[in-house]
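Visitor: show me the folded form of this:
(chains A, B, C and D)
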2 protein chains.
Amino acid sequence: MNIGEVSKNTGLPAKTIRYYEDIGFVTPARGDNGYRSFSEKDQHKLVFLGRARGLGFSIEDCRTLLALYEDQGRASADVKRVAQKNLTEIDRKIADLQAMRGTLSHLVANCAGDGRPDCPILEDLGRS
Amino acid sequence: MNIGEVSKNTGLPAKTIRYYEDIGFVTPARGDNGYRSFSEKDQHKLVFLGRARGLGFSIEDCRTLLALYEDQGRASADVKRVAQKNLTEIDRKIADLQAMRGTLSHLVANCAGDGRPDCPILEDLGRS
DNA sequence: CATAAAGGTTCCAGTCACAGGAGGGTCAAG
DNA sequence: CTTGACCCTCCTGTGACTGGAACCTTTATG
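Guide: This next block holds a predicted model:
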């Protein structure tokens, strides 16, 4: 398969797939014309990576997860630890955003949003 | 004031303050020794910026907000629009993270996390 | 058969908002 | 006089791609 078809099948942009090759996630064969030639296995790996990224795993975590995926002798504890760490990080990000949201929505609600210059949003940002 | 004191007062790293000068947020005077010399007003701007960044506004939005802050003839509608856009963006990010969290917490909860290789997390990522 | 569109290739630069570090100058205390 | 704490500029790196230039190959069409 050429990169375009794999892109369509996996939902990953061709640019991203080339990048994933660069960083060693896949090593597709090459045709006589220099075009990448992806196997089913390559494509399957890319689907795996797309899902892992979609769950917020970093590239380095994806590398770990992919290695575990291909290691039949893995311990599920190793997988769980990586996932748990990511989950904790996601919770932290959510909490940060909720805090921002709390303050910001309050300020927005109290701003008249008309032609006058008085604005509680700027007052809050500039309070001494 | 030297950059160190301003850093302490504002909570912003000196590196960040220099960066904010680079991008035109502040233009502190310079002493004969080449050191930056910050006025109260410079410091106040930096506090403003630190708060705005803390509420998730992008650098470009901060630029807009700072300009509005210093424009006595502003319309609060302009401020509100910027803030509302940021709020919408924050909500989108929260929703994305909540979706990840939902899937991931479910998978983590179902993973034994022991020495055996069977793992619902990898099974989900690798499903065909 | 010529050509044009669509797809492929590499390589370099840009994104965002800084952080780290090298290599140096300046200032206050002992 | 030296030591250590500041300060300066300039360059590079971060994460995970994305955009674009310049070029080659394949496929469809007149």
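Visitor: what distance separates the biggest helix by length in chain A from the centre of its chain?
Guide: For chain A, the helix that runs over the most residues, judged by DSSP state H, is helix A:76-109. Distance, stretch centre to chain centre, for helix A:76-109: 14 Å (Cα atoms, centre = their mean, to the nearest Å).
Visitor: is there contact, residue-wise, from whichever helix or strand comes after that helix to chain B?
Guide: Using DSSP states H and E, the helix or strand that follows helix A:76-109 in sequence is helix A:120-126. Yes: judged by Cβ under 8 Å from any Cβ of the partner chain, helix A:120-126 comes into contact with chain B at A:121, A:122, A:124, A:125, A:126. In short, each C-beta sits where N, CA and C put it, glycine included.
Visitor: could you find the closest non-adjacent residue to the residue of chain A most remote from its centre?
Guide: Outermost residue of chain A with respect to the C-alpha centroid, by Cα atoms, centre = their mean, is residue A:116; its distance is 42.0 Å. Using Cβ to Cβ, 6 or more residues apart in numbering or on different chains and skipping the chain neighbours, the partner closest in space to residue A:116 is residue B:76 (5.8 Å).
Visitor: that neighbour is in contact with residue A:110, isn't it?
Guide: No: contact criterion Cβ atoms under 8 Å: residue B:76 and residue A:110 do not qualify, at 10.3 Å.
Visitor: these two: which is more packed in?
Guide: residue B:76 (21 against 14; other Cβ atoms under 10 Å in any protein chain shown).
Visitor: who's in contact with that one?
Guide: Applying Cβ atoms under 8 Å, 6 or more residues apart in numbering or on different chains to residue B:76 gives the contacts A:111, A:112, A:113, A:114, A:115, A:116, A:117, A:118, A:119, A:121.
Visitor: what's the burial count for the residue of chain A found nearest DNA strand C?
Guide: Taking Cβ to the nearest atom of the strand, DNA strand C has its nearest neighbour within chain A at residue A:4, 2.4 Å off. Neighbour count of residue A:4, defined by other Cβ under 10 Å: 11.
Visitor: if we can go back for a sec, farthest-separated two in the residues of helix A:120-126 next to chain B?
Guide: Largest separation among those by Cβ to Cβ: A:121 and A:126, giving 9.6 Å.
Visitor: which parts of stretch A:8-19 are buried?
Guide: Residues of stretch A:8-19 classed as buried by neighbour count (16 or more other Cβ atoms under 10 Å in any protein chain shown): A:10, A:12, A:16, A:17.
Visitor: intersect those residues with the contacts of DNA strand D.
Guide: Residues of the buried residues of stretch A:8-19 in contact with DNA strand D (Cβ under 7 Å from any atom of the strand): residue A:16.
Visitor: give me the most central residue, chain A.
Guide: In chain A, the centroid-proximal residue (Cα atoms, centre = their mean) is residue A:53; its distance is 3.9 Å.
Visitor: nice, that's everything, thank you.
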